[in-house]
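> sharing a model that was predicted from the sequence below.
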Amino acid sequence: METYAAAEKWEAALDIAPALMQLDPEDPLGWVHRSYALHELKRTAKARDNLLRVVDNFPIKATLRCNLPCYESQLGRLEQAKQWLERAFKLGDAKKMKPAALDDPDLEPLWKGLGST
């Protein structure tokens, strides 16, 4: 998967993601990779919907909650993006996650308020 992502072969990455999801259904990375490929293919709403369907299946995983604010932000849904980002910070290491969020261009619409989140 990483090879296709590094080569920006998003269609191939999208084709492989379901196999990852089947191989290890307890790991959210297959879903995350699938959504990221969809997002890179300019299908951001579908990427978001893909994760929203399964986010509750992984209640202690910050990874999905880190990607959802990116997609919500890019879709202009800033309040939802803030809520997902706050949830990610609570589950993960906020001290490490905030600088990463400030470096993620998908979250640029939220950068101004990240210092207070």
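Okay, I see it.

> quick one: mean pLDDT over stretch 93-112.
The average pLDDT within stretch 93-112 is 89.

> in it, what counts as buried?
Across stretch 93-112, burial judged by 16 or more other Cβ atoms under 10 Å covers Met97, Ala101, Asp106, Leu107, Pro109, Leu110. Using the backbone N, CA and C atoms, a C-beta is placed for each residue, glycine as well.

> those: which two are farthest apart?
The span of the buried residues of stretch 93-112, defined through Cβ to Cβ, is set by Met97 and Pro109 at 17.2 Å.

> which residues sit in contact with the residue sitting nearest the centre point of the chain?
The centroid of the chain falls nearest to Asn67 when counting by Cα atoms, centre = their mean (1.5 Å). The contact partners of Asn67, by Cβ atoms under 8 Å, 6 or more residues apart in numbering, come to Val32, Ser35, Tyr36, Ala47, Leu51.

> most neighbours out of the residues you listed, which is it?
Using other Cβ atoms under 10 Å as the neighbour criterion, Ser35 leads those with 28 neighbours.

> does Lys42 count as helix, strand or coil?
coil (DSSP: H, G, I helix; E, B strand; the rest coil).

> one step back: which one of the buried residues of stretch 93-112 is nearest Gln74?
Taking Cβ to Cβ as the measure, Gln74 sits nearest to Asp106 out of those, at 5.5 Å.

> leaving out the residues flanking it, which one is nearest to that closest one?
Leaving aside its sequence neighbours, Asp106 sits nearest to Cys70 (Cβ to Cβ, 6 or more residues apart in numbering; 3.7 Å).

> what's the distance between the one you found and Asp15?
Applying Cβ to Cβ, to the nearest Å, the value for Cys70 to Asp15 is 22 Å.

> would you mind telling me which of the two has the busier surroundings?
Cys70 (24 against 13).

> check contacts around that one.
By Cβ under 8 Å, 6+ apart, the contact set of Cys70 is His39, Ala81, Asp104, Asp106, Leu107.
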